[in-house]
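**Student:** With the sequence up front, the predicted model follows.
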Amino acid sequence: MNATLQLMQQHRSIRSYQERPIPADVLDAVLDSAWKGPTSINGQQVSLVVVQDAERRRQIAEIAGGQAWIAQAPVFITLVADFYKTRLGVAKAGAEQVIHHSLEAFAVGAVDVGIALGNLMTAARAAGLGIVPIGGIRRDPQAMIKLLQLPKLTFPLAGVVMGYVQDDSELKPRMPRASFVHKETYQAAALPAHIEAYDQILQQHWQDIKRPDGKPWSANTAEYYQRIYFPQVAPVARQQGFGFDK
Ligand SMILES: Cc1cc2nc3c(=O)[nH]c(=O)nc-3n(C[C@H](O)[C@H](O)[C@H](O)COP(=O)(O)O)c2cc1C
């Protein structure tokens, strides 16, 4: 298997970092790898805000609900869905941007941010760094907007921690591949069996790595999805000028 595929199939999130800074040329090469990625309609509706300042990282760690690794690692990058930038272009062309009144804009922004996040993670790992993606910033998006001075028509969708690994993580097993790769049509009937199998696989994994607090997949997912765990997303998105068609 070639080195890129091997690297991607060895992904794991890192939550323990050295203080060692990332050399500027290494960080720039990682950022360029996301910058060169594709975007919907070439709209380039993604901006990255790179935070290295220790006090600002500490505040982001708090906003994200007390995630120590954000303060510990030298770099935190916020990925912003950016329809402020596109509106400038639309206005320059003599038109009025309305796409941000539709959920379509959020879908476009989320997909493009996801592509940039994936590119950042792969590039960082190829450069010898560890990463963990962070959705926890959506716990208080208004605080992120204030801290990063984000304009209207932008939204901080996700972040990523980057730095040199202190303690490595174990590879986390995934749900059986057939629950992920569906052939020709969606295979709903087989899912309960895949979920049952994975609950057991994950329980065994937690035992193997001595994490008694680890939960089966179904219980862990229920913990989040039985409630609206980040209720500020929609109201803050609306304040930022986004609409959801009605
Ligand atoms: C969009 C996104 C947001 C995430 N947010 C967080 C987060 O806020 N904090 C955290 O510790 N891990 C976060 N994760 C990491 C997931 O928990 C992790 O990817 C998952 O448990 C699988 O483990 P692995 O990445 O080690 O394979 C996030 C992952 C993604 C893709």
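**Tutor:** Looks like it came in fine.
**Student:** Is it correct that residue 88 falls within a strand?
**Tutor:** No. Counting by DSSP: H, G, I helix; E, B strand; the rest coil, one finds residue 88 to be helix, located in no strand.
**Student:** so what's it up against?
**Tutor:** By C-beta atoms under 8 Å, 6 or more residues apart in numbering, no residues touch residue 88. (Each C-beta comes from the backbone N, C-alpha and C, glycine too.)
**Student:** okay, it: pLDDT?
**Tutor:** pLDDT for residue 88: 98.
**Student:** what about it, distance to residue 144?
**Tutor:** 22 Å (C-beta to C-beta, to the nearest Å).
**Student:** what do you get for residue 34?
**Tutor:** Taken as C-beta to C-beta, the span from residue 34 to residue 144 is 19 Å.
**Student:** Residue 109 in helix, strand or coil?
**Tutor:** helix.
**Student:** Tell me who's in contact with it.
**Tutor:** Taking C-beta under 8 Å, 6+ apart as the test, what residue 109 contacts is 45-46, 81-83, 155, 157.
**Student:** of all the residues you listed, which comes closest to the ligand?
**Tutor:** residue 157 (8.3 Å; C-beta to the nearest ligand atom).
**Student:** tell me the phi and psi of that closest one?
**Tutor:** Main-chain torsions, residue 157, degrees, to the nearest 10: phi -90, psi -40.
**Student:** For it, give its distance to residue 139.
**Tutor:** Relative to residue 139, and taking C-beta to C-beta, residue 157 is found at 13 Å.
**Student:** Check residue 158 too.
**Tutor:** For residue 158, the distance to residue 139 (C-beta to C-beta) stands at 12 Å.
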